[in-house]
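**Student:** missing the sequence, but the structure's below:
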């Protein structure tokens, strides 16, 4: 088990460090100021010196890693210590690292705006799908999951909601990734965001409906 955990930590840390290796390789190609914020159309609307940006991303990455690494230790229910949680950490870390790599690449290359923004939205869609795959089996806990008043009160509602919601997130994430690459601007972000919102809100509504059904069944 210890070897497995060590291997998982090494893999996650390697993925998290990959964008910084890429940053070091392309550092001389980056302009003095790089774009760090983008509007809904993928157009840059915020910049900062590349040294400051690299430092900010570095600090954020360390905090990001530590929070996910030690979250199971402060979970009162103690249900995050599992191989599934390690897989979730890997998926989230991979998504985060991919977005950071996208920022560095976009800063150093004159990429097609539509294709570049579509790639970012596709990464987000794939990240949603990866998280959804984990959600189908996540156990009740205090930090991760579809946490509504109804799922937190009833473990059956939690299980049913996450089984349905996780599958919906997988389908929605994959669909949004495809739409991000094929739908032309200015409709790209509208179509992708609509699918993501739908995949996120439907499980919330479902948890309420199923909770009411369970409550009525118990009264009968």
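**Tutor:** Right, received. Where do you want to start? Quantities reported herein were computed from a predicted structural model and do not represent experimental measurements. Numbering: from 1, shown residues only.

**Student:** In terms of secondary structure, what does the lengthiest helix in the chain contact?
**Tutor:** Under DSSP state H, the helix in the chain containing the largest number of residues is helix 188-219. Here helix 188-219 touches helix 113-135, helix 149-153, helix 155-182, going by 3 or more Cβ pairs under 8 Å, 6 or more residues apart in numbering; DSSP states H and E. All C-beta atoms are positioned from the backbone trio N, CA, C, and that covers glycine.

**Student:** now it, how far from the chain's geometric center?
**Tutor:** Chain-centre distance of helix 188-219: 19 Å, with Cα atoms, centre = their mean, to the nearest Å.

**Student:** Any buried residues in it, and which?
**Tutor:** Neighbour-count burial for helix 188-219 flags 188-189, 191-192, 195-196, 199, 203, 206-208, 210-211, 214 (criterion: 16 or more other Cβ atoms under 10 Å).

**Student:** average model confidence for that helix?
**Tutor:** Helix 188-219 carries an average pLDDT of 91.

**Student:** what angle do the least confident helix or strand in the chain by mean pLDDT and helix 113-135 make?
**Tutor:** The weakest-scoring helix or strand in the chain, judged by mean pLDDT, DSSP states H and E, is strand 33-38 (a mean of 77). Angle of strand 33-38 versus helix 113-135, following axes from the mean of the first three to the mean of the last three Cα atoms, to 10 degrees, is 50 degrees.

**Student:** Next, format the helices and strands packed on helix 188-219 as CSV and append distance to residue 45 and mean pLDDT.
**Tutor:** Shown next, in CSV, are the helices and strands packed on helix 188-219 (distance: least, Cβ to Cβ, whole Å; pLDDT from 0 to 100):
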stretch, distance to residue 45, mean pLDDT
helix 113-135, 13, 88
helix 149-153, 37, 94
helix 155-182, 20, 95
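
**Student:** Out of those, flag the one nearest residue 105.
**Tutor:** Checking the helices and strands packed on helix 188-219 against residue 105 by Cβ to Cβ gives helix 113-135 as the closest, at 8.2 Å.

**Student:** Check the offset of the closest one from the chain's centre.
**Tutor:** 8 Å.

**Student:** thinking again about what came up before, so which two of the buried residues of helix 188-219 are the farthest from each other?
**Tutor:** Pairwise distances across the buried residues of helix 188-219 (Cβ to Cβ) peak at 39.9 Å, for the pair 188 and 214.

**Student:** got the domain boundaries for this protein?
**Tutor:** Domain ranges of the chain: 1-111, 113-220, per automatic domain parsing.

**Student:** Need the winner for burial among those domains.
**Tutor:** For these, average neighbour numbers computed from mean count of other Cβ atoms under 10 Å are highest in domain 113-220, which has a mean of 18.

**Student:** Show me how far that one is from its chain's centre.
**Tutor:** Worked out by Cα atoms, centre = their mean, domain 113-220 lies 11 Å from the chain centre.

**Student:** what do you get for stretch 86-106?
**Tutor:** 8 Å.

**Student:** what does it rub up against?
**Tutor:** With contacts defined as Cβ atoms under 8 Å, 6 or more residues apart in numbering, stretch 86-106 is touched by 5, 8, 11-12, 15-16, 18-19, 22-23, 26, 30, 34-36, 57, 61, 64-65, 68-69, 111, 116, 119-120, 123-124, 126-127, 130-131, 133-134, 138, 144.
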